[in-house]
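> Kindly return the folded structure for what I paste below:
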Amino acid sequence: MHSPYGIEIIEQCQTCQRRGSHYFCAFPIDLLRDFEALKYATVFPKGAILYVEGQAPRGVFMLCTGRVKLSISSTDGKALITQIAEAGELLGLSAAISGKPYEVTAETLAPCQINFIKRDEIVRFLAEHNLACMHAAEQLSHTCRQSHQQARSLGLANSAASKLAQVMLEWGAQFGKADERGVMLKLSLTHEEIAQLIGASRETVTRLFSEFKRQQLIYVKGATLILCNQEALQALSNS
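Numbers count the residues shown, from 1 in each chain. Have a look, this model is predicted:
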């Protein structure tokens, strides 16, 4: 079944062709069936707000397709992206378990299918199933490790250029495909969002993109980004 946003709606987890080794996708069939009974499947357009930083937790959001940015903001409106969530992740898990407000704001970066599960039901499900509880702990551990890596990147990098080079290399390793010109990937974030990711201004990111292109470190055409000189980017990221 297709939605108005051009993505195929996955009705059943058990028959999902995208189901892989993600934390809440890799359940045995019987446990997956119990998990599936809790969900409310919804499709969101790009730019939809799932929940807001400081909001009381209503439940968790299982990201089936698409990407979601998680961000925090200051009182003067400055924003910092803490994570780009990928398909297979359960969003809002920490707040749902603790009962404390959501720590971040979650906004879709593309049309997404997201399965919502009420807080009391996910808490009960985890309490009743040891394996599911272990998978939740693994995801929370992964999120904590990502936060430490970002803190290291933002706090210890000497320059915005170093941070941007590091982010590009991480994207290449995670999403890139080998090309005769280098490593090719789709650039799904705006300069403003990249700035929020590395703790810089949009103007700085735009200037660095121009410098990287002039130095032939990258090639950009539309939404396509090619890392032409990974060795130089690696050296820059370590500077």
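> which of the residues in the top helix by length along the chain are buried?
Across the chain, the longest stretch assigned as helix under DSSP state H is helix 130-156. By neighbour count with 16 or more other Cβ atoms under 10 Å, helix 130-156 contains the buried residues 132, 135-136, 139, 143, 150, 153. The way it works is simple: take the backbone N, C-alpha and C, and place the C-beta from them, glycine included.
> Could you chop the chain up by domain?
Annotated domains of the chain cover 13-155, 157-237 [automatic domain parsing].
> which helices and strands does the helix or strand of the chain with the lowest mean pLDDT pack with?
Using mean pLDDT, DSSP states H and E, helix 130-156 stands out as the lowest-scoring helix or strand of the chain, at a mean of 82. Here helix 130-156 touches helix 29-36, strand 79-85, helix 93-98, helix 119-128, helix 160-175, going by 3 or more Cβ pairs under 8 Å, 6 or more residues apart in numbering; DSSP states H and E.
> next one: the fourth one to chain centre, how far?
Spelled out, it's helix 119-128. For helix 119-128, the separation from the chain centroid amounts to 24 Å (computed by Cα atoms, centre = their mean, to the nearest Å).
> buried stuff in that helix?
Buried, per 16+ other Cβ under 10 Å, within helix 119-128: 119, 121-123, 125-126.
> For that helix, which helices and strands make contact with it?
On a contact count with 3+ Cβ pairs under 8 Å, 6+ apart, helix 119-128 meets strand 59-65, helix 93-98, helix 130-156.
> export those to TSV and tack on distance to Gln174?
Shown next, in TSV, are the helices and strands packed on helix 119-128 (distance: least, Cβ to Cβ, whole Å):
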stretch	distance to Gln174
strand 59-65	16
helix 93-98	21
helix 130-156	12
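> do you know which of those lies nearest Cys112?
strand 59-65 (5.9 Å; Cβ to Cβ).
> mind exporting the closest one as CSV, just the C-alpha atoms?
What follows is strand 59-65, C-alpha atoms only, in CSV (Å, rounded to 0.1, in the frame of the first residue of the first chain):
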residue,chain,number,x,y,z
GLY,A,59,5.0,7.0,24.2
VAL,A,60,7.7,5.8,21.7
PHE,A,61,8.0,6.1,18.0
MET,A,62,9.3,3.2,15.9
LEU,A,63,11.0,4.6,12.8
CYS,A,64,10.3,2.1,10.0
THR,A,65,11.3,4.2,6.9
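> the inter-axis angle of that strand versus helix 119-128?
Taking axes from the mean of the first three to the mean of the last three Cα atoms, to 10 degrees, one finds strand 59-65 and helix 119-128 inclined to each other by 80 degrees.
> Run the angle between strand 59-65 and helix 29-36 for me.
120 degrees.
> Check which helices and strands the one helix or strand Ala235 maps to sits against.
Secondary structure assignment for Ala235, by DSSP states H and E: helix 230-237. Counting contacts by 3+ Cβ pairs under 8 Å, 6+ apart, helix 230-237 packs against helix 160-175.
> Pull the residues that contact the helix it packs on.
Here helix 160-175 makes contact (Cβ atoms under 8 Å, 6 or more residues apart in numbering) with 153-154, 157, 183, 185-186, 194, 197-200, 204-205, 208, 211-212, 217-218, 225, 227, 230, 233-234, 236-239.
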